[in-house]
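> Sharing a model prediction with you, sequence too.
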Amino acid sequence: MSKEDDGNSVVFSILKECDVPSAALCFGRVFLQGEEIAKRNGLRLPDFAPFTEAFCRLCSLQSLSYVAKYKGNVIGFMLCEPMIDDIREASEEEKEMARKVEQSVPKALIPVFRMIEHCQNLMHSRMKGKNENVLHMVAMGVLPAFSGRNISGLLSMYVCTNALSKGYSAMAAEATGRAIQHVAEKYTPQDILLAKFHVPYDDFEDFEGLTDCPSCLALCQRIPRGNYHGGSDFSAAAIFAAAHKDHFGKRDLLKLHALYQQACNGDANPRAAPPFFWIVERAKFNAWHSLKGMSKEDAQENLTQHISAVCPSWKQVLDGKMLQNVRPKNPRGRRKIRRIFSGRTATPDEIFWVPDAHASACFKCNNKFTVTRRIHHCRSCGRCCCSACSEKKTCADCLVAS
């Protein structure tokens, strides 16, 4: 480990049994913070915990999902399952765990899973006869404290590489909100798109009043094959640049931004130029506009060459599956003010803890917390348990896993 790293590294690995408690907690927190339907349903983390743990355990058995870990805690995930699979047959343990997943779905999310199941049935009919082994991306997310380093892009790259090595050729996913639908439609290349359709929420009575989005977007795309990590050198180089910005100077980043925009979108539209008083955005646009006339293929090649010139060992860095010199962002707003006046400083571990307000009962024995039965936080997974279900500041599940 280098001196500059100082132990602050994000490590990427396949989801294993020992990572399940931490991955389930991260999955629950990201989902409840970002999913509009969950917010409007009033779903709380203790109600969602049995499902997240069962599903993460199922994913660990299938060895198709990846997690990002910081100091032993999962801070990002990409959870996948087979959708159309002629490669392998599910074991009895997987079938039993799949039944537990179905039984643990919270009542508030039953409409969501019915809709996703409907999308999967439509996808099966669309993909029938295309001889594609399809991987289903169920959920992906990163804790807000670690945003801005393209951890989701690295997770996607490693999942696709692993999927290709196991015989999968395509990936399907559903986008339930407006923002993620916009991103999916804008950045999915048309030449690898196999199926795409919208399912109106009006077709499901249970969705009335739960979302302002008119429909769910379902799409299936072919996993691109190439010389590097299942894709082209350009895609891998772009992911590296976004995740390792500290390797480049400001001028290099400006040039890389311009080349990436030219490679993805072609010539800049002068009518879309930002105002002059938006200094940073205007500089980015001018750098992109200066490449007018350059073909997308040349821009891709130039971006890869420029990254190779600045950081010749970038492929070895990606192969190491480690993102160095990462520190969680400081809390903002009322949380930060509260900590200042209470004399406490934020510790990295606090971002993994389940808030007391979200825990009404022990996650292990389901006994409600009272004046005599106090809340204890497990130091390994951050969940709330009672004293009977914890030993040496660690819950029984984490002790077994360790």
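Great, that's in hand. These numbers were taken from a predicted model, which means no experiment stands behind them.

> Now do the helices in the stretch 1-150 of the chain.
For the stretch 1-150 of the chain, the helices defined by DSSP state H, counting those that start in this stretch occupy 20-34, 36-41, 45-62, 92-103, 110-127.

> Any idea which of those gets closest to Glu391?
Among these, the nearest to Glu391 by CB to CB is helix 20-34 (14.9 Å). (Each C-beta comes from the backbone N, C-alpha and C, glycine too.)

> Counting by contacts, list what the closest one packs against.
helix 36-41, helix 45-62, strand 66-70, strand 73-84, strand 134-142, helix 396-401 (3 or more CB pairs under 8 Å, 6 or more residues apart in numbering; DSSP states H and E).

> So for Phe363, which of the ones you listed sits nearest?
Nearest of these (CB to CB): helix 45-62, 5.4 Å.

> Direction-wise, compare the closest one with strand 66-70 and give the angle.
Interaxial angle of helix 45-62 relative to strand 66-70 (axes from the mean of the first three to the mean of the last three CA atoms, to 10 degrees): 120 degrees.

> Show me what helix 45-62 packs onto, helices and strands only.
helix 20-34, strand 73-84, helix 92-103.

> Alpha carbons of the longest one, in CSV - could you do that?
Once non-C-alpha atoms are left out, helix 20-34 reads as follows in CSV (Å, rounded to 0.1, in the frame of the first residue of the first chain):
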residue,chain,number,x,y,z
VAL,A,20,-24.2,-10.0,2.8
PRO,A,21,-25.0,-8.0,6.1
SER,A,22,-23.1,-4.9,5.0
ALA,A,23,-24.5,-5.1,1.4
ALA,A,24,-28.0,-5.6,2.6
LEU,A,25,-27.7,-2.4,4.8
CYS,A,26,-26.2,-0.4,1.9
PHE,A,27,-28.9,-1.7,-0.5
GLY,A,28,-31.7,-0.7,1.9
ARG,A,29,-30.3,2.8,2.6
VAL,A,30,-29.7,3.7,-1.0
PHE,A,31,-33.1,2.3,-2.1
LEU,A,32,-35.1,4.1,0.6
GLN,A,33,-33.3,7.4,0.0
GLY,A,34,-33.6,7.4,-3.8
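
> May I see the buried residues of that helix?
20-32 (16 or more other CB atoms under 10 Å).

> Centre of the chain to that helix, how far?
With CA atoms, centre = their mean, to the nearest Å as the basis, helix 20-34 stands 10 Å off its chain's centre.

> For this structure, which segments are assigned as strands?
Counting by DSSP state E, residue ranges of the strands within the chain are 10-14, 66-70, 73-84, 134-142, 170-175, 193-200, 215-222, 322-323, 376-377, 384-385, 390-391, 394-395.

> Work out the sheet partners of the fifth one and label each with its direction, please.
Partner strands and pairing direction for strand 170-175 (DSSP bridges) are strand 134-142 (parallel), strand 215-222 (antiparallel).

> same question, the longest one
Its sheet considered, strand 73-84 pairs with strand 66-70 (antiparallel), strand 134-142 (antiparallel) by DSSP bridges.

> of all these, which gets the most neighbours per residue?
Sort those by mean neighbour count, taking mean count of other CB atoms under 10 Å, and strand 66-70 sits at the top with a mean of 25.

> can you list the residues that contact it?
Here strand 66-70 makes contact (CB atoms under 8 Å, 6 or more residues apart in numbering) with 8-15, 19, 22-23, 26, 74-78, 142, 146, 151, 154-155, 158-159, 162, 323, 326, 328, 348.

> hang on, the earlier thing: out of the strands paired with strand 170-175, nearest to His118?
So among those, strand 215-222 is nearest, using CB to CB, at 9.0 Å.

> between the closest one and strand 193-200, what angle do the directions make?
With the same axes, to 10 degrees applied, the angle from strand 215-222 to strand 193-200 works out at 170 degrees.

> would you put the C-alpha positions of strand 215-222 in PDB?
Extracted C-alpha coordinates of strand 215-222, given in PDB (Å, rounded to 0.1, in the frame of the first residue of the first chain):
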ATOM      1  CA  SER A 215     -44.400   4.700 -17.100                       C
ATOM      2  CA  CYS A 216     -41.600   2.300 -16.400                       C
ATOM      3  CA  LEU A 217     -38.800   1.900 -19.000                       C
ATOM      4  CA  ALA A 218     -37.600  -1.600 -19.700                       C
ATOM      5  CA  LEU A 219     -34.600  -2.200 -22.000                       C
ATOM      6  CA  CYS A 220     -32.200  -5.000 -22.900                       C
ATOM      7  CA  GLN A 221     -28.800  -4.300 -24.500                       C
ATOM      8  CA  ARG A 222     -26.100  -6.500 -25.800                       C
END
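
> Just the mean pLDDT for it, thanks.
Taken as a whole, strand 215-222 has a mean pLDDT of 89.

> likewise stretch 93-101?
Stretch 93-101 carries an average pLDDT of 91.

> related to what we said a few turns ago, pull out the buried members of the contacts of strand 66-70.
So, by 16+ other CB under 10 Å, the buried ones in the contacts of strand 66-70 are 9-10, 12, 14-15, 19, 22-23, 26, 74-78, 142, 146, 151, 154-155, 158-159, 162, 323, 326, 328.
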